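[1] Provide a 3D model corresponding to the input given below.
(chains A, B, C and D)
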Number of protein chains: 2
Amino acid sequence: MNQVQLAKQLKVSCESCSLSELCLPRGLTSIEMTQLDDHIERPRKLEASSLIYQPGDKFFGFYAVRSGGVKTYLTKKTGEQQILGFHLPGEIFGLDGIEHNSHRCYASTMDNTSYCAIPFEKLDELCGVLPDLRTQVYKLLGHEINCDHSHQLLLGQQTAHERLATFLLSISSRFKHRGFSATSFMLPMSRHDIACFLGIAVETVSRLFKSFQQQGIVKINRKQVDILDMNLLNGLVANCEETDS
Amino acid sequence: MNQVQLAKQLKVSCESCSLSELCLPRGLTSIEMTQLDDHIERPRKLEASSLIYQPGDKFFGFYAVRSGGVKTYLTKKTGEQQILGFHLPGEIFGLDGIEHNSHRCYASTMDNTSYCAIPFEKLDELCGVLPDLRTQVYKLLGHEINCDHSHQLLLGQQTAHERLATFLLSISSRFKHRGFSATSFMLPMSRHDIACFLGIAVETVSRLFKSFQQQGIVKINRKQVDILDMNLLNGLVANCEETDS
DNA sequence: AAGTGCAAATGACATGGGTCAAGTGTATAA
DNA sequence: TTATACACTTGACCCATGTCATTTGCACTT
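    Okay, the predicted model is just below:
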C-alpha cells in the first residue's frame, strides 16, 4: 500500500482525477481503482486536428478524454465523412477496435487535447478478477450501443430542425453532467463537424441556427451558445423521442 | 462428463446446434460450451409479429435467433419507427438492455421464430472464469458497435440507391455466411421494414427495386430476390465505403 | 492598420425523394 | 369462385434540403 501512495505522488492517478466519476473507474472501490490505475498510460497530449488513429491501426485499448475534445468518423471513398461521435472530457472512445483488434474508424482531436490510454489486454485481465470492473466495461459498451441507436433514429427519422435541436440538448446535458452550465457554453466543434454528425449540409446548420435565434430559442455567436428558452428547445424534439432518458 | 452426455440427449444443445459456429459459442472448447449451455433457456417459439420485449422491460440477457427472424426498432412519439437491425438465424440481439438493466428498444418477430435465451447474470459469472468466453462477449458487443457505425454512415451520407444496394449486399452476405446462396434468397422482411431500416419511404424502395431490375442488376418478385450481376450491385456502393470488410 | 486565410453566413436555384392518391396483385377466407 | 384485406406498385406533385456562388467577418500576421 505504501508503493501505491508513492505512485500517486509520481503521476496523475484516476483517484485524484476530477473526471473519475464520469469515466471508466466510476463505481469502483479505491483498491480496484488503483489496480486499474497502474496500467494506464497518461497523459498523452496532442494539438488540434491531430489524428489519433485511423482504420487498420492496431487496437491498443480505450481512450479517455481529459481535456479538449475528440471526434470519431467514417468516410466514403468520395471523401464525405460521417462523424460517429464527439467525445468530451470524461468520455471514452476507441471501442471500434474491439471486434477485429484493429480500428475501423478515424479519431482526431478537435482542439488541444489530452487523454489517458487504457490497454485493453490489461483491462481484460483485470475484468477476470474484478466483477465490478467487468460490469463497468459492459455498461460502457452498452452505453455506446444505445447512443448509436438513438443516433440512428435521428439520422433516419428526424427533420433537420429536430436533429439540430437534439444536438444542442445533448451537448447541453453533457456540459451539465460535468458540472458546467447547461444553458451557456462554447461548442467545441465547427459548423462543418456539426453538419457531418447530423447528416445535413453546413448551410442548413447556419440557416437553422439563425431561425432558432429569430424564434428567441437561443442566442448564438460563433461557438458561444446561450439557450434562452429550454422549453421551446425541448418542444422542437418533443414529438420525436418515444422514451425518456 | 457422463451427465453432460445425458444432458445432450435431453435437450437441444449448443454443441449439437448447426448455428454454433455463427453464434455466441463460436471458438469455445467443448467443455466451455457445455458450461454455457447449461444455463441457456430454449427453445422459445413465437409466431410472426409477436413482441419479444419493449422499452422499459427488464433485461434478461442475450437472445440468439434459431429460425425465423427478428427486428429491433425505436419509435418517435408520432409513430414513425427506425429499425435498428434485422436478426437472422445465428445472430444475437438484446444488447440494448445492458446499459440500464432494462431494454431501450422494441424487439419483435418478423416470422414464426424460435430463439434461445442466455441469462446475462450467468453469462457474466462465466466470463469471470472463462477468458475465451469473455473475449467472445466483447467481440459480440464490438461487432454491434461497428455495425451501428456503418449504418450511421449509410443513414447520414448515402443516397437512396446506395442504401438499398448496401442492404441487398448485406443480406446476401449473411445468407452466404450461413451456407445459403448469396445470389438467390427470400427477403424475410416487408418493404415497409426495409424502408424503415434504410430511412427512406416505402414508395422509394419500390421504385428503386424496379430501377435495379431495369438495369439488369437483380430480378425481384415479391420477396424472392435473384442477384443477376453482383459486380453492378457492388458498383452502386463502390464509392461509398472507405474500408473493406 | 492593412493583408491573408478560413469559417461561417447568405442568396439563388435545383432536385432527390417524400407525400398523397389511386391502382394492382396475391393470399386467405367463406 | 368470389369477397376481403393487405402488401406492394405506380403516377403526379411538391417541398425540405442540398448545391453552388458570393459575401461577410473573425483571427492571426506583419
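[2] what about A:Leu84, helix or strand, and which?
    Following DSSP states H and E, one finds A:Leu84 within strand A:81-87.
[3] what packs against whichever helix or strand comes after that strand?
    Later in the chain than strand A:81-87, the nearest helix or strand by DSSP H and E is strand A:92-93. Secondary-structure packing of strand A:92-93 (3 or more CB pairs under 8 Å, 6 or more residues apart in numbering or on different chains; DSSP states H and E): strand A:61-67. Any C-beta I mention is one placed from the backbone N, CA and C, and that applies to glycine too.
[4] now the angle from the strand it packs on to strand A:81-87?
    70 degrees (axes from the mean of the first three to the mean of the last three CA atoms, to 10 degrees).
[5] tell me which strands strand A:61-67 pairs with, and in which orientation.
    Partners of strand A:61-67 in the sheet, by DSSP bridges, are strand A:92-93 (antiparallel), strand A:113-119 (antiparallel).
[6] mind putting the ones you listed into JSON lines with mean pLDDT?
    Converted to JSON lines, the strands paired with strand A:61-67 look like this (pLDDT from 0 to 100):
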{"stretch": "strand A:92-93", "mean pLDDT": "98"}
{"stretch": "strand A:113-119", "mean pLDDT": "94"}
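[7] distance to DNA strand D and mean neighbour count for the ones you listed - can I get that in a markdown table?
    Below are the strands paired with strand A:61-67 laid out as a markdown table (distance: least, CB to the nearest atom of the strand, whole Å; neighbours: other CB atoms under 10 Å in any protein chain shown):
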| stretch | distance to DNA strand D | mean neighbour count |
| --- | --- | --- |
| strand A:92-93 | 25 | 22 |
| strand A:113-119 | 17 | 22 |
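[8] coming back round to it: which other helices and strands contact the strand holding A:Leu84?
    Checked by 3+ CB pairs under 8 Å, 6+ apart, strand A:81-87 has strand A:70-75, helix A:131-157, helix A:191-198, helix B:131-157 packed alongside it.
[9] tabulate the ones you listed (JSON lines), appending mean pLDDT.
    Putting the helices and strands packed on strand A:81-87 into JSON lines (pLDDT from 0 to 100) gives the following:
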{"stretch": "strand A:70-75", "mean pLDDT": "97"}
{"stretch": "helix A:131-157", "mean pLDDT": "97"}
{"stretch": "helix A:191-198", "mean pLDDT": "98"}
{"stretch": "helix B:131-157", "mean pLDDT": "97"}
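[10] was I right to think A:Leu24 contacts A:Tyr138?
    No. A:Leu24 sits out of contact with A:Tyr138 when judged by CB atoms under 8 Å, with a separation of 11.9 Å.
[11] most tightly packed of the helices and strands packed on strand A:81-87?
    Of all the helices and strands packed on strand A:81-87, strand A:70-75 carries the top mean neighbour count, a mean of 23, counting by mean count of other CB atoms under 10 Å in any protein chain shown.
[12] lowest-confidence helix or strand of chain A?
    helix A:2-10 (a mean of 50; mean pLDDT, DSSP states H and E).
[13] compute the inter-axis angle for the helix or strand following that helix and helix A:131-157.
    Following helix A:2-10 in sequence order, the next helix or strand is helix A:30-37 (DSSP H and E). Put simply, helix A:30-37 runs at 70 degrees to helix A:131-157, going by the same axes, to 10 degrees.
[14] can you pull the buried residues of helix A:30-37?
    A:32-37 (16 or more other CB atoms under 10 Å in any protein chain shown).
[15] what pLDDT, on average, does the helix or strand following that helix get?
    Counting by DSSP H and E, the next helix or strand C-terminal to helix A:30-37 is strand A:41-46. For strand A:41-46, the mean pLDDT works out to 86.
[16] elements contacting strand A:41-46?
    Identification of packing neighbours for strand A:41-46 by 3+ CB pairs under 8 Å, 6+ apart yields strand A:113-119.
[17] any stretches of chain A with poor pLDDT?
    For chain A, residues meeting the criterion pLDDT under 70 lie at A:1-12, A:239-245.
[18] how is it partitioned into domains?
    Domain ranges of chain A: A:2-132, A:158-237, per automatic domain parsing.
[19] any idea how far chain B is from the residue nearest to the spatial centre of chain A?
    Centre of chain A computed as the mean C-alpha position; nearest residue by CA atoms, centre = their mean is A:His87, 2.3 Å away. As for A:His87, its distance to chain B is 14 Å (criterion: CB to the nearest CB, to the nearest Å).
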